[in-house]
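> Attaching a predicted model along with its sequence, questions to come.
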Amino acid sequence: MRKMLLLVAILTLLGFAAFAFNDPVAFRRSFVMKMQMEEMTAQVFLGKDLPAKKSDAFLEDLSAARIVAADFFGTLQADPVIAFADHRDLKEQFAVDNPFASSYFHYADILVVIAPRGNNRDVLAHALAHAEVKHRLGADLFAELPAWFDEGLCTQLDRREFLSDAVLQAQEAQGIPIPSYTVMSDHEWFLGPEGEAHLVFAKREVRRWLQNVGPAAVPVILQRVAEGEDFMSVYRVMETEADG
């Protein structure tokens, strides 16, 4: 019996070691969630030292953001793990590459990490949309999706001041052109000092497309790409068919 227990313990340790070796960042995130965070509701982890008032407000905003995202996609298929990294140390342990929020493929799940500056309904809805796109496409197809479409789609749910209708309309009134699809294709283009300004271009392009094809096109294009169709071909054909 003791030998059996010892064997089970060794195998368990080896399993943890394998996870840690294959994806050390994901392993660290999992470890941090277990040790420093509390699962407040299913799949939602908040810092153990987070004041009750702030915790309640976060959960309320998250609930509202889910309604916005569900309305946009028709229904939510994703059930991501959500962690609120509410202070700098916790944020750094998650290796969040964005001051607002980040989403990752995390083992069999999708992990959404909300950074301190992302603690609001707009960022939560934006982040949930990223998780939904990832879930519907899977890791391989998502890696091939142009960043401008992913960001442009998700910013439709984000009404922060720099992404407001007034900002978009002012750009259009001034005749400021949207950069080419090639320029906007890389996710790195939406990070750094110019990232927010670049998000406006992506939002303008996808908003233009949605005005032509209608909001019901969102789940349709994701489904067609998930079934193997070329994204850019579907994007153009759906708009041509709508115009015709």
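Yep, that arrived. Just so we're clear, the structure is a prediction, and the values are computed from it rather than from any experiment.

> Only C-alpha atoms from now on, for both contacts and neighbour counts.
Noted.

> Kindly list the longest helix within the protein.
As assigned by DSSP state H, the longest helix anywhere in the chain is helix 121-144.

> Packing partners of the following helix or strand past that helix?
Moving toward the C-terminus from helix 121-144, the next helix or strand (DSSP states H and E) is helix 147-154. Applying 3 or more C-alpha pairs under 8 Å, 6 or more residues apart in numbering; DSSP states H and E, we find helix 147-154 packed against helix 121-144, helix 195-213.

> Identify the residues contacting the residue lying closest to R160 once chain neighbours are set aside.
Among residues not flanking R160 along the chain, D122 sits closest, at 6.5 Å (C-alpha to C-alpha, 6 or more residues apart in numbering). Shown in contact with D122 (C-alpha atoms under 8 Å, 6 or more residues apart in numbering): A65, L157, D158, R159, R160.

> Give me the neighbour count for the third one.
Spelled out, that is D158. Here the count is done by other C-alpha atoms under 10 Å, and D158 has 22 residues near it.

> and the contacts of D122, which are buried?
Buried members of the contacts of D122, scored by 16 or more other C-alpha atoms under 10 Å, are A65, L157, D158.

> Could you measure from the residue sitting nearest the centre point of the chain over to L137?
In the chain, the centroid-proximal residue (C-alpha atoms, centre = their mean) is H130; its distance is 2.8 Å. Going from H130 to L137 by C-alpha to C-alpha, to the nearest Å gives 11 Å.

> what do you get for A127?
16 Å.

> Ok, V68 next?
From V68 to L137 the distance is 20 Å (C-alpha to C-alpha).

> what's the burial count for the residue nearest to the residue nearest to the centre of the chain when sequence neighbours are not counted?
Once flanking residues are discounted, H130 sits nearest to C154: 6.2 Å by C-alpha to C-alpha, 6+ apart. Using other C-alpha under 10 Å, C154 has 26 neighbouring residues.

> I'd guessed C154 sits against E132; true?
No: at 9.4 Å, C154 does not count as touching E132 under the criterion of C-alpha atoms under 8 Å.

> Which residue ranges of the protein form strands?
37-41, 44-47, 81-84, 101-106, 109-114 (DSSP state E).

> care to break this structure down by domain?
Domain segmentation of the chain under automatic domain parsing yields 1-138, 146-244.

> Present these as CSV; the columns should include mean pLDDT.
Converted to CSV, those look like this (pLDDT from 0 to 100):
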stretch, mean pLDDT
domain 1-138, 83
domain 146-244, 96
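
> For V81, give its distance to Q36.
Applying C-alpha to C-alpha to V81 and Q36 gives a distance of 15 Å.

> out of the two, which sits in the more crowded spot?
Each of V81 and Q36 has its neighbours counted (other C-alpha under 10 Å); V81 has more, 19 against 13.

> Tell me the bridge partners for that one.
With DSSP bridges as the criterion, V81 is bridged to L111.

> do you know how far S185 is from A147?
Taking C-alpha to C-alpha, one finds S185 at 5 Å from A147.
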